[in-house]
Structure formats: C-alpha cells, structure tokens
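Structure of the sequence below:
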Amino acid sequence: ALMEALAKHIKQDGFLATANSHAISNTAWAYATLGIHDETLMKCLAKRIMQDGFLSTLNSQAVGNTLWAYAKLGIEVEALIAAFADRIMQDGFLS
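Reported below is the predicted structural model:
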C-alpha cells in the first residue's frame, strides 16, 4: 500500500519536474528491486529523463541503475533506451 501511494503521488502533474537525477534513478531502482511493476510510473520517469538537458545530469551509476530497473521489470521504452545509448557513447562518459 505504501509504494502504491508513493507511486500515485509521484505520477501527479508537476511532481517529477523537481526531481533530480539521483531521485529518478533511485526511484526506478527501488521499484525494480521490490518487483513492483508499475508501467505508468516507469513511463513517467522515462519522460522526465528525456526532458531537455536532464539526461546529461545522470552519471554512469545512475544510468546503469536505471537501465537495470527497466530491464528487471521488463519495461521497454525505446526512446529512453536510445537516449541512454547516446549518453553512454559521449566522450568521457565511461571514464
């Protein structure tokens, strides 16, 4: 019940606009770790990640944790995967 209530709050209009990269990746990781498959929540997180300039704020650990979360839950958001691939290929990202 707690995680459902939290997801409902997170999905409210405007809430994710204030979330930073650490909060987004930790949220995705937490839901995946607990095995809570909330596709709507994960798509909301993906939308936030793909907003202008946000992806560049994710470090390699945040990218890895977030990708793992989507894979663990079996949720595929093609645009997000492509955006992460571009981020990973940026010079200096993996160093």
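
In stretch 58-72, which residues are buried?
Residues of stretch 58-72 classed as buried: 58, 62-63, 65-67, 69-70 (neighbour count, 16 or more other C-beta atoms under 10 Å). Placement of C-beta: from N, CA and C, glycine included.

Would you mind pulling the contact partners of it?
21-22, 24-26, 28-29, 31-33, 42, 45-46, 49, 76-77, 80-81, 84, 87-88, 93-94 (C-beta atoms under 8 Å, 6 or more residues apart in numbering).

Name only those of those residues that count as buried.
21, 24-26, 28-29, 31-32, 42, 45-46, 49, 77, 80, 84.

Show me which of the residues you listed is closest to L6.
Of all the buried ones among the contacts of stretch 58-72, L6 sits closest to Y31, with 9.2 Å by C-beta to C-beta.

Name the nearest residue to that closest one, sequence neighbours excluded.
In this structure, Y31 finds its nearest non-sequential neighbour in D38, 6.2 Å apart by C-beta to C-beta, 6 or more residues apart in numbering.

thinking that neighbour is in contact with A30, fair?
No - in this structure D38 lies outside contact range of A30 using C-beta atoms under 8 Å: 11.1 Å.

Whichever strand or helix holds W68 - what's its average pLDDT?
W68 belongs to helix 60-73 when assigned by DSSP states H and E. The predicted model assigns helix 60-73 a mean pLDDT of 96.

And the next helix or strand past it?
helix 78-88.

ok so, going back, angle of the helix holding W68 against helix 78-88?
Taking axes from the mean of the first three to the mean of the last three C-alpha atoms, to 10 degrees, one finds helix 60-73 and helix 78-88 inclined to each other by 150 degrees.

Beyond the host helix or strand of S25, next helix or strand please.
Counting by DSSP H and E, the element that carries S25 is helix 21-33. Where DSSP H and E defines the elements, the next helix or strand beyond helix 21-33 is helix 39-49.

Mind giving me the packing neighbours of that following helix?
Under the contact definition 3 or more C-beta pairs under 8 Å, 6 or more residues apart in numbering; DSSP states H and E, helix 39-49 sits against helix 2-10, helix 21-33, helix 60-73, helix 78-88.

Noted, bye for now.
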